[in-house]
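Asker: Sharing a model prediction with you, sequence too.
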Amino acid sequence: MTLCVLLNTIVLALDHYGISEEMEEVLTDMNLAFTIIFIIEMSLKLIGLTPIGYCKDAMNYLDGAVVIFSLIELIFLSGSNSALSAFRVIRIFRTFRVMRVARLFRYLSSMAKIMSVIGRSLSNFIYLALLLLLFILIFALLGMQIFGGKFNF
């Protein structure tokens with residue numbers, strides 16, 4: 001399953017602006033295949049572990065959320081002529097699939113330590129980030145007031 005997660009990440013990274021029609025079709029088919037694989041994995045885990053056992057592992061919450069988002073994406077993007085195909089923005093749910101790489105941290109103890117330290121220090125960093133955001137906002141408004149309309153590119 002680790003190989004599927006890595007291959008899915010690579011397939012998602014191949015999507016870009018100006019992609020040819022046939023390449024987009026290949027990537028769509030591969031995304032569908034990975035979605036089916038992840039749905040089968042979740043179903044087998046639910047059957048094998050029972051829903052209570054499935055919910056005991058925190059990584060299963062992440063996997064379940066990714067599968068649910070993938071199903072939502074499939075439902076909205078299934079018909080090219082349907083009225084729901086206007087919701088192309090729903091493709092943003094594909095980015096949640098990349099978060100499945102986080103389950104690989106379980107097997108790398110040093111990476112798990114680093115992630116736990118980052119997680120603990122993140123609460124202290126939020127106040128600093130909010131202060132930085134406030135300074136950026138103030139100086140952006142100041143710059144617009146001083147230099148607004150004086151530069152023509």
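Answerer: Structure's in. What do you need?
Asker: most centrally placed residue in this structure?
Answerer: With distances taken as C-alpha atoms, centre = their mean, Phe96 lies nearest the centre of the chain, 2.1 Å away.
Asker: which helices and strands does the helix or strand that residue falls within pack with?
Answerer: Using DSSP states H and E, Phe96 sits in helix 95-98. When contacts are defined as 3 or more C-beta pairs under 8 Å, 6 or more residues apart in numbering; DSSP states H and E, helix 95-98 packs onto helix 2-13, helix 58-77. Quick note: C-beta positions are derived from backbone N, CA and C, even for glycine.
Asker: Can you find the helix or strand of the protein with the lowest average pLDDT?
Answerer: Taking mean pLDDT, DSSP states H and E as the measure, the chain has helix 95-98 as its least confident helix or strand, at a mean of 72.
Asker: for the record, mean pLDDT for the helix or strand that comes right after it?
Answerer: Beyond helix 95-98 on the C-terminal side, the first helix or strand identified by DSSP H and E is helix 109-147. If you average the pLDDT over helix 109-147, you get 87.
Asker: swap in stretch 6-14?
Answerer: 85.
Asker: Name the residues of that stretch that are buried.
Answerer: Buried positions in stretch 6-14, judged by neighbour count with 16 or more other C-beta atoms under 10 Å: Asn8, Val11, Leu12.
Asker: what about the last one, distance to Met99?
Answerer: Leu12 sits at a distance of 11 Å from Met99 (criterion: C-beta to C-beta, to the nearest Å).
Asker: same deal with Leu3?
Answerer: Distance, Leu3 to Met99, by C-beta to C-beta: 17 Å.
Asker: Neighbour count for these two, which is higher?
Answerer: Met99 (14 against 7; other C-beta atoms under 10 Å).
Asker: who's in contact with the more buried one?
Answerer: By C-beta atoms under 8 Å, 6 or more residues apart in numbering, the contact set of Met99 is Leu62, Val66.
Asker: Cool, thanks, signing off.
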